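Undergrad: Predicted model, plus sequence, below.
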Amino acid sequence: VDPEVGEKRRKNHQSHGTKKRCQGKNSMNGEHKESILEKRKELPVYKARSEILFECRRHATLILVGETGSGKTTQVPQFLFDAGYAKHGMIA
């Protein structure tokens, strides 16, 4: 391995630590949060949010079927997180 390449990688890796990063959910300003929430509410799966959470409480396994782009992959884990399902571990 070329020592120069290794040194460049090490310096590049170190410089990544100096970039400003988001500091959790409180780092967004209110306007940005509202914009995201409005977009979430427009997704078809959002209309079924309460029903999905209700069925999650009743059953250990759910199979969700919906159109591509309906929000199944992005929003259902967020619903579960918001409802406290990640308090003791991961949502898988």
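TA: In hand now; what should we look at?
Undergrad: Tell me the confidence at residue 46?
TA: Here the pLDDT value assigned to residue 46 is 96.
Undergrad: Tell me, how many residues neighbour it?
TA: Using other Cβ atoms under 10 Å, residue 46 is surrounded by 18 other residues. Bear in mind the C-beta positions are built from the backbone N, C-alpha and C, glycine included.
Undergrad: Could I get the contacting residues of it?
TA: Residue 46 makes contacts with 40, 71, 75, as judged by Cβ atoms under 8 Å, 6 or more residues apart in numbering.
Undergrad: I'd like the next helix or strand past the helix or strand of the chain with the lowest mean pLDDT.
TA: One helix or strand of the chain scores below all others by mean pLDDT, DSSP states H and E: helix 3-16, with a mean of 55. Counting by DSSP states H and E, the next helix or strand C-terminal to helix 3-16 is helix 30-42.
Undergrad: End to end on stretch 34-50, go ahead and measure it.
TA: Taking Cα to Cα, to the nearest Å as the measure, stretch 34-50 stretches 20 Å from start to finish.
Undergrad: can you offset everything so residue one is 41?
TA: New numbering, starting at 41: the last item is stretch 74-90.
Undergrad: in stretch 93-105, what counts as buried?
TA: Within stretch 93-105, the residues scored as buried using 16 or more other Cβ atoms under 10 Å are 93, 96.
Undergrad: Contacts made by that stretch with the rest, please.
TA: Stretch 93-105 has contacts (Cβ under 8 Å, 6+ apart) with 85, 92, 112, 116, 119, 120, 123, 125.
Undergrad: Can you pick out the ones from those that are in helices?
TA: Secondary structure from DSSP state H places 92, 112, 116, 119, 120 of the contacts of stretch 93-105 in helices.
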